[in-house]
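1. structure for the following, please:
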Amino acid sequence: MSNGPDARTYPDRPYLAVSAAIIRDGRVLIARRARGPALGVWTLPGGVVEAGETLLEALKREVAEETSLTIEPVTVAGYREVVARDGDARVVRHFVIVCFASRWIAGEPQLNDELSEARWLRPSELSALNTTEGLAAIVADAFERLEAQR
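-> I've put the predicted structure just below:
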C-alpha cells in the first residue's frame with residue numbers, strides 16, 4: 001500500500017467496486033471503516049476491482065483481504081453510486097459499487113488495517129448504527145435474493 005496521495009481522489013473516471021452482504025445464520029456481517037473518507041462508518045466489506053479481475057474474483061479477494069472469510073457470492077443484490085464533490089463542485093470521489101448477496105462458507109472475521117470492527121447483525125439492528133447510505137436496503141435485498149435461491 002502506498003503512503004502517497006490517494007490516486008482515487010479527483011478521478012477522471014468512476015471506479016468500479018464490489019461489496020458483499022455476507023449472510024450467516026440470519027445475520028449479516030458489517031464492518032466499521034478504520035480510515036477516511038468513511039472513517040467510523042459501518043459498511044459491507046469490499047473494494048475496487050483490479051484490471052483483469054472479474055467481479056466475483058474481486059469480491060472474493062477483497063473479502064478475504066479485509067476479513068479472512070471465505071464466501072460464496074450468489075447473486076447481485078443491487079448497486080450504489082458514491083459521488084462526492086468539493087466546494088467548487090469538482091468530483092472528489094466517484095465509485096460505482098456492485099453489491100452481492102453472499103453466503104458465509106468459512107472463517108471468523110480477522111480484520112486488516114482498513115477495518116476497525118466487525119459484527120454479525122440481524123437486519124433490524126442496522127438502524128441503530130451510522131451506516132453507508134442504502135446499506136439497509138441492500139441487506140434486505142440480499143436476504144430476499146438468498147431466500148429465493150433456496
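2. give me phi/psi at the residue of the chain positioned farthest from its centre?
-> Distance from the centre of the chain peaks at Asp88, with 28.4 Å (C-alpha atoms, centre = their mean). Backbone dihedrals for Asp88, given as degrees, to the nearest 10, come out at phi -100, psi 10.
3. tell me how far it lies from Ala7.
-> Applying C-beta to C-beta, to the nearest Å, the value for Asp88 to Ala7 is 20 Å. Heads up, the C-betas are built off the backbone N, CA and C, glycines and all.
4. quick one, helices of the chain?
-> Along the chain, counting by DSSP state H, helices occupy 55-67, 135-148.
5. kindly export the shortest one (C-alpha atoms) in CSV.
-> Meaning helix 55-67. What follows is helix 55-67, C-alpha atoms only, in CSV (Å, rounded to 0.1, in the frame of the first residue of the first chain):
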residue,chain,number,x,y,z
LEU,A,55,-16.4,-9.0,-10.4
LEU,A,56,-16.6,-12.3,-8.5
GLU,A,57,-12.8,-12.7,-8.3
ALA,A,58,-12.5,-9.1,-7.0
LEU,A,59,-15.3,-9.8,-4.4
LYS,A,60,-13.7,-13.0,-3.1
ARG,A,61,-10.2,-11.3,-3.0
GLU,A,62,-11.4,-8.2,-1.2
VAL,A,63,-13.5,-10.1,1.4
ALA,A,64,-10.5,-12.4,2.1
GLU,A,65,-8.1,-9.5,2.4
GLU,A,66,-10.4,-7.4,4.6
THR,A,67,-11.9,-10.2,6.8
